[in-house]
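1. pasting a predicted model and its sequence here:
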Amino acid sequence: MVEPHTGRERRDSDRRNAQPGTRILVIDDSPTIVALLKRMLQQNHYEVLVAYDGETGIEVARREVPGLIFLDIVLPGVDGFNVLRTLRRDPITKHVPIIMISGNAQATEQFYVQRIGADDFMKKPFSRPEVFSRIASVLDENGVPRHTTRTGSRIEAAKVSPTAP
């Protein structure tokens, strides 16, 4: 029998979280979305960095090298796709996991996001459980956000690593 959950029980249940103090950058032009994500993340002991446009987001990401980025697709100036491409090409930020967010979650966008290197996609409006589920999807076994490459670089890295005789 499945027991009904109350808010407190859900919050107390085991959930994979990033380590406290993990820096998360939110790049979104909506003050409402930024405030909502910031509050959720800070309540879970994450440090939150904010940028309201793509250019600023790139600058903050390069300067601060966050553990994770939430990136809106529709931004003034440089859009989220170009921000993603820029961050993936930069040696400083190429390994930072990026979760794209958008109010327009069409299948073509999701496909495009995956093709250019995003780690996950979250549709607006989103719920608290979804935010933390998306974070959990990019965590390694130690609770550290990791970018998952689709090009086999982990396999290549294993080939380069010395093995015990």
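-> That came through, no problem.
2. doesn't Asp140 make contact with Arg146?
-> Yes - using CB atoms under 8 Å, Arg146 is in contact with Asp140, at 4.7 Å. To be clear about C-beta, it is placed using only N, CA and C from the backbone, and glycine gets the same treatment.
3. the two: which is more packed in?
-> Arg146 (17 against 10; other CB atoms under 10 Å).
4. check the gap between that one and Val50 for me.
-> 23 Å (CB to CB, to the nearest Å).
5. what segments of the chain are helices?
-> 7-12, 31-43, 54-64, 80-89, 107-115, 128-137, 153-160 (DSSP state H).
6. now Glu64: closest residue in space, sequence neighbours ignored.
-> Leu49 (5.7 Å; CB to CB, 6 or more residues apart in numbering).
7. residues near Ile92, how many?
-> Ile92: 11 neighbours (other CB under 10 Å).
8. show the contacting residues for it.
-> 62, 65 (CB atoms under 8 Å, 6 or more residues apart in numbering).
9. same check, this time on Ser30
-> Asp72 are the contacts of Ser30 under CB under 8 Å, 6+ apart.
10. and the pLDDT for it?
-> For Ser30, the model assigns a pLDDT of 95.
11. check Pro162 and give its pLDDT.
-> For Pro162, the predicted pLDDT is 40.
12. by mean pLDDT, show me the worst of the helices of the chain.
-> helix 153-160 (a mean of 33).
13. show me what contacts Tyr46?
-> So Tyr46 contacts 18, 20-24 (CB under 8 Å, 6+ apart).
14. touching, Asp79 and Arg85? I think so.
-> No - between Asp79 and Arg85 there is no contact under CB under 8 Å: 10.0 Å.
15. neighbours of the nearest residue to Lys124 once chain neighbours are set aside, just the number please.
-> Excluding its sequence neighbours, the residue lying closest to Lys124 (CB to CB, 6+ apart) is Gly103, at 4.1 Å. When neighbours are counted by other CB under 10 Å, Gly103 registers 13.
16. doesn't Gly80 make contact with Gly103?
-> No - contact status for Gly103 versus Gly80: not in contact, 11.8 Å apart, counting by CB under 8 Å.
17. can you pull the buried residues of stretch 32-44?
-> 33-34, 36-38, 40-41, 44 (16 or more other CB atoms under 10 Å).
18. I misspoke; the intended subject was stretch 116-134.
-> 117-122, 124, 126, 131-132, 134.
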